[in-house]
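Chemist: Let me see the structure of the following:
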Amino acid sequence: MTGSICGTGSCIPRYTMDNNDLAMFVETSDEWIRERTGIARRHIIKEETTVSMASEAGKRALENAGAAPEEIDLILVATISSDVLLPCTACQVQKNLGAVNATCFDLGGAACSGFVLAYNTAEAYLAGGVYKTALVIGSESLSSITNWKDRGTCILFGDGAGAAVLRAEEGIRYLPVTHSDGAKGEALTCRSRYDTNGITKNAFCASAKEEEYFIQMDGQAVFKFAVKKVPEVIKEVLALNCLEKKDIDFYILHQANRRIVEAVAKRLGEPIEKFPMNLQEYGNTSSASIPILLDELNRTGILKPGQKLLLAGFGAGLTWGASILRLPRKKGKLQLWGCLPVLERAKRIIKRKLSKRKRRLKQC
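Modeler: Numbers count the residues shown, from 1 in each chain. Modelled structure (predicted):
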């Protein structure tokens, strides 16, 4: 049993802020931002919220999948910027969609790796027979935790949501590759705004600086981390699946920075055409970036039956991971390719070795 993607959706705030708008309140320019990031504009919430965008993206994914809300029995939302703590974002989505049969919870903290980790979690539940149909969402209002006085970070981030519907189906289940390195977590931080209790920790005595309550990033450290670890995890997941780079049609990477994507492509020796990007329009939307891009590729007809996609996320923690998806032969439905089980991989390796041995014996 495995999980198959059968529908995608996304929701983007209507209000846009281009690089020239940013230049009005921080020392920067359109040319400077484009050259260093590839970003031209980002979408920022006004009347929208993390919950409302997640709900709308989920609704569109259900429509794309031809699924009723009552069919969903698991809702996972990856987010670090929800407008609510209790109830969780996933439960609010359940209420808004009428998915009365779903178990719901959020996955937070991994930020830009969030959707990949949530996706893998849902697939594991489906493969284990615990649930049959899952709705996986990445939704972020990063503008709420962005320091708009910090040129190093405010030029990067935007808001939005993306979603995918997964169904349990018969088939080979594959294992994803994920990693964490907490020792390097200081490269990307954001202090909780709920670090005082009014009794033993008074807000007026807080030692934290104001900027610590917004996203802080060591840009150089994150860049070096991404361009090293992403190619490594891509190679690792390919090897785990007995696949080669030539087998992948598109690499769907977290949309953080054009230079990161280009560096990953170069290190892999793959053409940049296999790395679709939309960060120029949305900026870095953290956990929402991969599902937004996946939905765009799905709805514009770029994805074709039988293609293989490789998803790779990297973010706070530090965390990073990858999964492989195979688009089914039948048009109009996405299917998780996943990772080969250990026994199946062992059988293939043994078969190849026996084949080589037979060829050597014939030559003798």
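Chemist: Which helix or strand lies directly C-terminal to the helix or strand hosting Ile252?
Modeler: Using DSSP states H and E, Ile252 sits within strand 250-253. Next helix or strand after strand 250-253 toward the C-terminus (DSSP H and E): helix 258-268.
Chemist: Can you name every helix or strand that that next one contacts?
Modeler: If you count contacts as 3 or more Cβ pairs under 8 Å, 6 or more residues apart in numbering; DSSP states H and E, helix 258-268 packs onto helix 30-37, helix 219-240, strand 250-253, helix 279-282. Using the backbone N, CA and C atoms, a C-beta is placed for each residue, glycine as well.
Chemist: ok now the strand holding Ile252, how far from the chain's centre?
Modeler: In terms of Cα atoms, centre = their mean, to the nearest Å, the centre of strand 250-253 is found 11 Å from the chain centre.
Chemist: Stretch 84-99 too?
Modeler: From the chain centre to the centre of stretch 84-99 is a distance of 20 Å (Cα atoms, centre = their mean).
Chemist: Can you show me the CA trace of that stretch as PDB?
Modeler: Taking C-alpha atoms only, stretch 84-99 is exported to PDB below (Å, rounded to 0.1, in the frame of the first residue of the first chain):
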ATOM      1  CA  VAL A  84      -4.000  30.800  15.600                       C
ATOM      2  CA  LEU A  85      -2.400  28.600  18.300                       C
ATOM      3  CA  LEU A  86      -5.600  26.900  19.500                       C
ATOM      4  CA  PRO A  87      -7.300  25.300  17.800                       C
ATOM      5  CA  CYS A  88      -4.600  24.200  15.400                       C
ATOM      6  CA  THR A  89      -4.600  25.400  11.800                       C
ATOM      7  CA  ALA A  90      -5.600  21.900  10.500                       C
ATOM      8  CA  CYS A  91      -8.700  21.800  12.700                       C
ATOM      9  CA  GLN A  92      -9.700  25.200  11.400                       C
ATOM     10  CA  VAL A  93      -9.300  23.900   7.900                       C
ATOM     11  CA  GLN A  94     -11.400  20.900   8.800                       C
ATOM     12  CA  LYS A  95     -14.200  23.200  10.000                       C
ATOM     13  CA  ASN A  96     -14.100  25.400   7.000                       C
ATOM     14  CA  LEU A  97     -14.100  22.500   4.500                       C
ATOM     15  CA  GLY A  98     -16.600  20.400   6.300                       C
ATOM     16  CA  ALA A  99     -14.100  17.500   6.500                       C
END
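Chemist: So what touches it?
Modeler: 50-52, 54-55, 58-59, 62, 69-70, 72, 75-77, 79, 82, 100, 102, 104-106, 135, 137, 139, 194 (Cβ atoms under 8 Å, 6 or more residues apart in numbering).
Chemist: Which positions within that stretch qualify as buried?
Modeler: Cys88, Thr89, Ala90, Cys91, Gln92, Val93, Gln94, Asn96, Leu97, Ala99 (16 or more other Cβ atoms under 10 Å).
Chemist: what is the mean pLDDT for it?
Modeler: For stretch 84-99, mean pLDDT is 97.
Chemist: Check stretch 236-250 too.
Modeler: 95.
Chemist: buried set for that stretch?
Modeler: So stretch 236-250, judged by 16+ other Cβ under 10 Å, has buried residues Val237, Leu238, Leu240, Asn241, Leu243, Ile248, Asp249, Phe250.
Chemist: from the chain's centre, how far out does the helix or strand encompassing Gly162 sit?
Modeler: Assigned by DSSP H and E, Gly162 belongs to strand 159-169. Computed by Cα atoms, centre = their mean, the chain-centroid distance of strand 159-169 equals 11 Å.
Chemist: which helices and strands does the helix or strand that that strand is followed by pack with?
Modeler: Remark: after strand 159-169, the chain's next helix or strand is strand 177-180, criterion DSSP H and E. Counting contacts by 3+ Cβ pairs under 8 Å, 6+ apart, strand 177-180 is packed against helix 114-127, helix 219-240, strand 319-326.
Chemist: can you rerun that using 7 Å?
Modeler: Using 3 or more Cβ pairs under 7 Å, 6 or more residues apart in numbering; DSSP states H and E as the contact criterion, the elements in contact with strand 177-180 are helix 219-240, strand 319-326.
Chemist: got those as CSV, with distance to Leu175 columns?
Modeler: Converted to CSV, these look like this (distance: least, Cβ to Cβ, whole Å):
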stretch, distance to Leu175
helix 219-240, 7
strand 319-326, 9
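Chemist: Relative to Ile290, which of these is closest?
Modeler: Among the helices and strands packed on strand 177-180, strand 319-326 comes nearest to Ile290, with 10.0 Å by Cβ to Cβ.
Chemist: Can you list the neighbours in contact with the closest one?
Modeler: Identification of contacts with strand 319-326 by Cβ atoms under 7 Å, 6 or more residues apart in numbering yields 5, 110, 113, 116-117, 119-120, 174, 176-180, 229-230, 233-234, 237, 241, 243, 308-314, 334-339.
Chemist: Of the residues you listed, grab the buried ones for ChimeraX.
Modeler: In ChimeraX, a selection of the buried entries from the contacts of strand 319-326 looks like this (16+ other Cβ under 10 Å):
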select :5,110,113,116,117,119,120,174,176,177,178,179,229,230,233,234,237,241,243,309,310,311,312,313,314,334,335,336,337,338,339
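Chemist: quick one: Leu238 and Lys246, what's the gap?
Modeler: Relative to Lys246, Leu238 is positioned 10 Å away (Cβ to Cβ, to the nearest Å).
Chemist: any common contacting residues for those two?
Modeler: With Cβ under 7 Å, 6+ apart applied, the contact sets of Leu238 and Lys246 do not overlap.
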